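> Fold the following and give me the result.
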Amino acid sequence: MDPVLTKYVGEPNAFTLDFYLAHEGYEGLRKALAMTPAEVIETVKASGLRGRGGAGFPTGMKWQFVLKDTSRPKYIACNADESEPGTFKDHVLLERHPHLVIEGCLIACYAIGARVAYIYIRGEFFHVQQVLEAEIARAYERGLIGKNILGSGFDCDVFVHRGAGAYEAGEETALLESLEGKRAQPRIKPPFPAVAGLYNCPTAVNNVETLCNVPLVLRKGVEWFTSIGPEKNTGPKLFCISGHVARPGVYEASMNITLRELIVDFAGGVRGGRPLKAVIPGGSSTPLLLPNQLDTTASFDGIAKAGSLLGSAGIIVLDDTTCMVWLAENLLHFYRHESCGKCTPCREGTDWLLKILRRIDRGEGQMNDIDLLLDVSGNIAGKTLCPFGDAAATPVLSTIKLFRQEFEAHIREGRCTIRSPWRARQAMAAH
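So this is what the prediction gives:
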């Protein structure tokens, strides 16, 4: 398929309002404002658009759940935190195509009856904040945001909020806590944000890429959108490909595409022609897939059938020089550092996992450490208020399930047995 979401990202002035208006910008909003809010929701439902942030929940259904009979204000929160290792698609859209995000926020607000949208961006995205705020100001000047938008009588404001750089803020209730000026920690659910979200008011939280698809649905129509991709996995999709590939980057395709096509045809194959060892298909929190699973379609349902998750579509390619003990240790270092500390299993368990993995990596492990890792992981997964616990346990559970022999060799030999150039340099530096 020809790129749609990323069609203009390479153009020098693609981020500007004038460029966007010259290329059908805000036409989706015009069409939405000519419909009733209920009709907009039904249109998005009919498109089959699923959330692009990880869970893949139907967007129109999420909007429909937002409490209607209430005197309280309603909100749209655009989740632009994007802290998942291996994921960098939203960053591209925010920086190079900000008005697509803004237009999506406005349509979403109109659909649920909200008058305010917050774009919550990751703490490290300072330069993105500058781009967004400048373009939002221009949209206000043109009457595209604010009072009586496009003469429709619809009022809506859009604000940018930059967090403090917490991975946990990617979880929707933790994001709402951060928006309220509190520490980014998850809430107990229910109640869900659709009933009691930001400031205890009905709120819909949507990912950047999800909202960028909304103007396309309104502008080009349901039939066009559903013609892209397999059933229940419709519309254009962005894939982030990193790791041991020749051409890492963000690529756009339909979800009919296979992992093999993404890695070989788009990203140029495994770097240096080395053998492929494993693939993380949806960001670091998803289980590994093996080379014999490369013909899996890169869709929500296809990856799930293969035993993993599409998640944020952050595909990390690992060649035969990758030590799986090191991989698990590296990811646990991240998850331990990013744990918000609210839930004991996650707060304490990630620390224990990292200590055990470091012990094995240093050549000081014992064979019962492998079962201890599984035991600790089992006491984290499914026992926390948010999916962070499962995310932290996944690198351990997945690497041991598929590459237990490497853990055993580490312990038996007292060293890494994988001939990794990186490990060799690390060993030389230590001496």
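
> Quick one: residues in contact with the helix or strand that contains residue 63.
Applying DSSP states H and E as the criterion places residue 63 in helix 59-65. Under the contact criterion C-beta atoms under 8 Å, 6 or more residues apart in numbering, helix 59-65 has outside partners 41-47, 49-51, 108, 111-112, 192, 194, 204, 206, 210, 213-214. C-beta here means a position set from N, CA and C on the backbone, and glycine is covered the same way.

> ok, then the element right after that helix?
Next element after helix 59-65 (DSSP H and E): strand 75-80.

> Show me what that next one is packed against.
helix 98-112, strand 116-121, helix 172-179, strand 203-207, helix 208-220 (3 or more C-beta pairs under 8 Å, 6 or more residues apart in numbering; DSSP states H and E).

> partners of it, with directions?
Sheet pairing for strand 75-80, assigned by DSSP bridges, gives strand 116-121 (parallel), strand 203-207 (parallel).

> Which one, of these, ends up nearest to residue 338?
Comparing the strands paired with strand 75-80 by their distance to residue 338 (C-beta to C-beta), the top pick is strand 116-121, with 16.6 Å.

> from the middle of its chain, how far away would the closest one be?
For strand 116-121, the separation from the chain centroid amounts to 16 Å (computed by C-alpha atoms, centre = their mean, to the nearest Å).

> Dump the C-alpha coordinates for it into CSV.
Once non-C-alpha atoms are left out, strand 116-121 reads as follows in CSV (Å, rounded to 0.1, in the frame of the first residue of the first chain):
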residue,chain,number,x,y,z
VAL,A,116,-10.9,20.1,26.0
ALA,A,117,-8.2,17.8,24.7
TYR,A,118,-4.8,17.3,26.4
ILE,A,119,-1.8,16.0,24.4
TYR,A,120,0.3,14.3,27.0
ILE,A,121,3.9,14.0,25.7
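
> Could you point out the helix or strand that follows that strand?
Trace forward from strand 116-121 with DSSP H and E and the next one is helix 126-141.

> what does the next helix-or-strand element following that following helix contact?
Next along the chain after helix 126-141, taking DSSP H and E as the criterion, comes strand 157-162. Outside of strand 157-162, the residues within contact range by C-beta under 8 Å, 6+ apart are 102, 105-106, 115-123, 125-126, 129, 132-133, 136, 139, 145-146, 178-179.

> between strand 157-162 and helix 126-141, how big is the angle?
If you take axes from the mean of the first three to the mean of the last three C-alpha atoms, to 10 degrees, strand 157-162 sits at 170 degrees to helix 126-141.

> same question for strand 157-162, mean pLDDT?
Mean per-residue pLDDT for strand 157-162: 96.

> now swap in stretch 315-330 and tell me
95.

> And for stretch 12-25?
Per-residue scores along stretch 12-25 average to 95.

> What is the distance between that stretch and the centre of its chain?
How far stretch 12-25 lies from its chain's middle: 25 Å, per C-alpha atoms, centre = their mean.

> Spatially nearest residue to residue 249 (excluding sequence neighbours)?
Using C-beta to C-beta, 6 or more residues apart in numbering and skipping the chain neighbours, the partner closest in space to residue 249 is residue 241 (6.4 Å).

> So which bits of the helix or strand the one you found falls within are buried?
Secondary structure from DSSP H and E places residue 241 in strand 236-243. By 16 or more other C-beta atoms under 10 Å, the buried positions in strand 236-243 come out as 236, 237, 238, 239, 240, 241, 242, 243.

> just stretch 167-176 next, same as before
Per 16+ other C-beta under 10 Å, stretch 167-176 contains these buried residues: 167, 168, 169, 170, 171, 172, 173, 174, 175, 176.

> what's the answer for stretch 62-82, then?
62-67, 74-82.

> Of the residues you listed, which is the nearest to residue 221?
Checking the buried residues of stretch 62-82 against residue 221 with C-beta to C-beta, the nearest one is residue 63 at 18.5 Å.

> how near is the closest one to residue 113?
Distance, residue 63 to residue 113, using C-beta to C-beta, to the nearest Å: 10 Å.

> in the stretch 301-431 of the chain, which spans are helices?
324-338, 344-361, 368-378, 388-413, 421-430 (DSSP state H, counting those that start in this stretch).

> Which among those is found nearest to residue 268?
Nearest to residue 268, of the helices of the stretch 301-431 of the chain and by C-beta to C-beta, is helix 421-430 at 19.5 Å.

> Show me what the mean pLDDT comes to for the closest one.
50.

> Next: stretch 184-201.
Average pLDDT, stretch 184-201: 95.

> what distance separates the start and the end of it?
End-to-end distance for stretch 184-201, by C-alpha to C-alpha, to the nearest Å: 18 Å.

> Show me how far it is from its chain's centre.
In this view, stretch 184-201 has its centroid 20 Å away from the chain centroid, taken as C-alpha atoms, centre = their mean.

> now do stretch 313-322
Between the centre of stretch 313-322 and the centre of its chain there are 17 Å (C-alpha atoms, centre = their mean).

> hmm, back to that, would TSV of the buried residues of stretch 167-176 with pLDDT and distance to residue 380 be doable?
TSV is the format used below for those (pLDDT from 0 to 100; distance: C-beta to C-beta, whole Å):
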residue	pLDDT	distance to residue 380
167	90	16
168	92	15
169	91	20
170	90	18
171	93	15
172	94	21
173	96	19
174	95	17
175	96	22
176	97	24
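
> now, among these, which is nearest to residue 14?
Taking the buried residues of stretch 167-176 together and measuring to residue 14 by C-beta to C-beta, the closest member is residue 170, at 26.1 Å.

> With residue 207 as the reference, measure out to that closest one.
In terms of C-beta to C-beta, residue 170 sits 9 Å off from residue 207.

> All set, thanks.
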